[in-house]
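In: I need the structure of the sequence given here:
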Amino acid sequence: QVQLVESGGGLVQAGGSLRLSCAASGRTFSGYAMGWFRQAPGKERECVAVVSWSGGSTYYDDSVKGRFTISRDNAKNTVYLQMNSLQAEDTAIYYCAAKYTSIWKAAQCGYEYDYWGQGTQVTVSS
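Out: Residues are numbered from 1 along each chain as shown. Model (predicted):
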């Protein structure tokens, strides 16, 4: 079992920045690929960004490419999502997720993740 706790959400004006954190506990963090997902009101959950177990590979949805950066610190059992140039369309609940895999393809968006946090609200005012 892996427990995930997100933090860092809040209210920000369009064009501003936020940094989300996800603290993991329970198992060896470095064995897990990590992802950030989001769900806006009335919409399906979507994959935003993922990072491999080592941090050496990352993937971003086109909607956030160039604005968001995912990173991880395996010594701190934490994954981050730096969000810059925020837009109203980024408003959503953001979830952290973990998947035990060393295979990068299996960590990509579209594949199932095993463990999920409770989410943190991000609201961007225009």
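In: name the element the residue nearest the centre of the chain belongs to?
Out: Compute the mean C-alpha point of the chain, and by Cα atoms, centre = their mean the closest residue is Trp36, 1.9 Å away. In this structure, Trp36 sits in strand 32-39 according to DSSP states H and E.
In: in the next helix or strand after that strand, what's buried?
Out: Remark: after strand 32-39, the chain's next helix or strand is strand 46-51, criterion DSSP H and E. For strand 46-51, a neighbour-count test (16 or more other Cβ atoms under 10 Å) marks Cys47, Val48, Ala49, Val50, Val51 as buried. Where C-beta positions appear, they are placed from N, C-alpha and C, glycine not excepted.
In: need those residues in CSV with pLDDT, can you?
Out: CSV is the format used below for the buried residues of strand 46-51 (pLDDT from 0 to 100):
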residue, pLDDT
Cys47, 97
Val48, 97
Ala49, 98
Val50, 98
Val51, 97
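In: and which of these is nearest Gln108?
Out: Checking those against Gln108 by Cβ to Cβ gives Val50 as the nearest, at 6.6 Å.
In: need the contact list for the closest one.
Out: By Cβ atoms under 8 Å, 6 or more residues apart in numbering, the contact set of Val50 is Ala33, Met34, Gly35, Trp36, Thr58, Tyr59, Ile70, Ala107, Gln108, Cys109.
In: how about 10 Å then?
Out: Val50 makes contact with 33-37, 57-61, 70, 79, 97, 99, 104, 107-109, 111, 113, according to Cβ atoms under 10 Å, 6 or more residues apart in numbering.
In: which residues sit in contact with the nearest residue to it once chain neighbours are set aside?
Out: Leaving aside its chain neighbours, Val50 sits nearest to Gly35 (4.0 Å; criterion: Cβ to Cβ, 6 or more residues apart in numbering). Residues near Gly35 by Cβ under 10 Å, 6+ apart: 22, 47-51, 59, 70, 79, 81, 95-99, 107-109, 111, 113, 116.
In: Give me the local confidence score for Gly35.
Out: In this model, Gly35 is scored at 97, pLDDT.
In: on that earlier part again, list only buried entries from the contacts of Gly35.
Out: Judged by 16+ other Cβ under 10 Å, buried ones among these: 22, 47-51, 59, 70, 79, 81, 95-99, 107-108, 113, 116.
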